[in-house]
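Q: My questions are about this predicted structure, shown below with the sequence.
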Amino acid sequence: TSFPRTSNAGFLAGRMTAFEVLGKLVWLLVWPARLSADYSYRAIPLLGWQTIAWESVLALLTAAILLAGTWFAVSRKTTAKALYFFPLFFWIAYLPVSNLPVTIGSIMAERFLYLPSIGILGWAVAAAAGWKLPDGWRFPRAAWWVAPAAVCMALGARTYSRNPDWTDERSLWTSAVMISPESARAHVNLGTALPSDPGGLRTAIAEYRTALRIRPDYAEAHNNLCNALQHLPDRLPDAIAECQAALRILPDYAEAQIGRAHV
């Protein structure tokens with residue numbers, strides 16, 4: 001099933017949201033504190049006066065600084081070719097997935113910055129290499145290895161703490177729901193990862209209902225809710241209603257047709 005994206009918004013709201021996402025991704029590159037396996041519908045709300053918050057302002061400022069820094073790097077006269085190459089490399093690698101020139105099927109994904117991050121990191125190293133301290137200033141010699149070691153240790157610790165989230169599907173989507181509570185897909189995927197015992201079914205039903213609260217026309221959530229309800233006593237009429245709801249949204253939805261035939 002398809003999800004609303006920046007292409008469903010007006011031009012200005014869609015591009016401002018895409019610009020905000022750039023800032024969010026840069027901050028995740030600096031410190032990957034809140035990582036999620038899914039940033040689909042409603043996980044990243046379209047930017048508007050009703051949704052803007054300090055996080056949005058910070059992200060927009062970060063993206064604006066990145067854009068201004070690129071302009072400064074390519075417009076000033078310098079012999080440091082790296083200061084030309086890396087900013088341009090970043091934008092060439094990022095623009096196809098940025099939702100800025102054209103919209104794509106995803107608003108945000110951490111993988112979008114995998115290749116472009118080379119440009120940001122190379123740019124930072126090139127700028128640091130060409131930075132001259134004022135006369136009389138000098139860094140302690142130990143700082144040149146203590147600072148990188150501290151950064152590596154901090155990022156290594158964050159990687160280690162993230163690893164348990166990938167233990168299985170249940171742990172992964174539990175983490176995604178915590179980080180992106182308004183992601184309809186994350187709630188559906190968590191529901192499908194839960195055990196099929198009565199307790200697991202009731203929790204899965206709650207997840208499917210949460211997904212439908214976020215996106216009422218989510219056919220897969222209706223179908224999964226149908227499958228879960230039919231395994232509980234006296235819920236067969238509700239299960240049939242959910243299958244019918246899924247088919248009203250997607251008349252050719254094969255799984256819902258099979259589910260309706262079995263209930």
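A: Everything's here; your move.
Q: hang on, residue 29 packs against residue 123?
A: No. Here residue 29 does not reach residue 123: they are 12.0 Å apart, not a contact under Cβ atoms under 8 Å. In this view, the C-beta of every residue, glycine as well, is placed from N, C-alpha and C.
Q: Those two: which has the busier surroundings?
A: Between residue 29 and residue 123, counting by other Cβ atoms under 10 Å, residue 123 is the more crowded of the two (23 against 15).
Q: Apart from its chain neighbours, what residue comes closest to that one?
A: Distance criterion Cβ to Cβ, 6 or more residues apart in numbering; nearest residue to residue 123, sequence neighbours excluded, is residue 86 at 3.8 Å.
Q: For the one you found, give me its contacts.
A: By Cβ atoms under 8 Å, 6 or more residues apart in numbering, residue 86 lies in contact with 118-120, 122-123, 126.
Q: Out of these, grab the one that's most surrounded.
A: The residue in those with the most neighbours, by other Cβ under 10 Å, is residue 123 (23 neighbours).
Q: Quick check: that residue touching residue 73?
A: Yes. Taking contacts as Cβ under 8 Å, residue 123 lies within contact range of residue 73: 7.3 Å.
Q: Mutual contacts of those two, please.
A: Common contact partners of residue 123 and residue 73 (Cβ under 8 Å, 6+ apart): 83, 87.
Q: who touches residue 89 in this structure?
A: By Cβ under 8 Å, 6+ apart, the residues touching residue 89 are 116, 118-119, 122.
Q: Of these, which belong to helices?
A: The helices, defined by DSSP state H, take in 116, 118-119, 122 from the contacts of residue 89.
Q: Residue 194: which of those is nearest?
A: The closest of the ones in helices among the contacts of residue 89 to residue 194 turns out to be residue 116 (Cβ to Cβ; 36.1 Å).
Q: Show the contacting residues for that closest one.
A: By Cβ under 8 Å, 6+ apart, the residues touching residue 116 are 89-91, 93-94.
Q: pLDDT score for residue 259?
A: pLDDT recorded at residue 259 is 65.
Q: just residue 96 next, same as before
A: pLDDT, residue 96: 95.
Q: what's the answer for residue 57, then?
A: Residue 57 carries a pLDDT value of 85.
Q: what's around it, how many residues?
A: Neighbours of residue 57 under the rule other Cβ under 10 Å: 12.
Q: Pretty sure residue 224 sits against residue 193.
A: No. Contact status for residue 224 versus residue 193: not in contact, 11.2 Å apart, counting by Cβ under 8 Å.
Q: Of those two, give the one with the bigger neighbour count.
A: More crowded of residue 224 and residue 193, by other Cβ under 10 Å: residue 224, with 26 against 17.
Q: can you tell me the helix or strand for residue 17?
A: Assigned by DSSP states H and E, residue 17 falls within helix 11-30.
Q: re earlier: looking at the ones in helices among the contacts of residue 89, which is nearest residue 257?
A: Compare each of the ones in helices among the contacts of residue 89 with residue 257 using Cβ to Cβ and the shortest gap goes to residue 116, at 42.9 Å.
Q: Next one: residue 258 from residue 244, what distance?
A: Remark: distance between residue 258 and residue 244 (Cβ to Cβ, to the nearest Å) = 14 Å.
Q: quick one: residue 158 from residue 14, how far?
A: In terms of Cβ to Cβ, residue 158 sits 31 Å off from residue 14.
Q: These two: who's more crowded?
A: residue 14 (20 against 13).
Q: Could you report the distance from the more buried one to residue 60?
A: Note on residue 14: its distance to residue 60, by Cβ to Cβ, is 14 Å.
Q: which residues does the residue positioned nearest the centre of the chain contact?
A: Note on the chain: the residue nearest the mean C-alpha position is residue 39, at 3.5 Å, using Cα atoms, centre = their mean. Going by Cβ under 8 Å, 6+ apart, residue 39 touches 106-109, 180, 183.
Q: As CSV, those residues with distance to residue 174 would be great.
A: Output for those, formatted as CSV (distance: Cβ to Cβ, whole Å):
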residue, distance to residue 174
106, 22
107, 22
108, 20
109, 19
180, 12
183, 12
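Q: Which ones among these lie within strands?
A: Within those, no residue falls in strands by DSSP state E.
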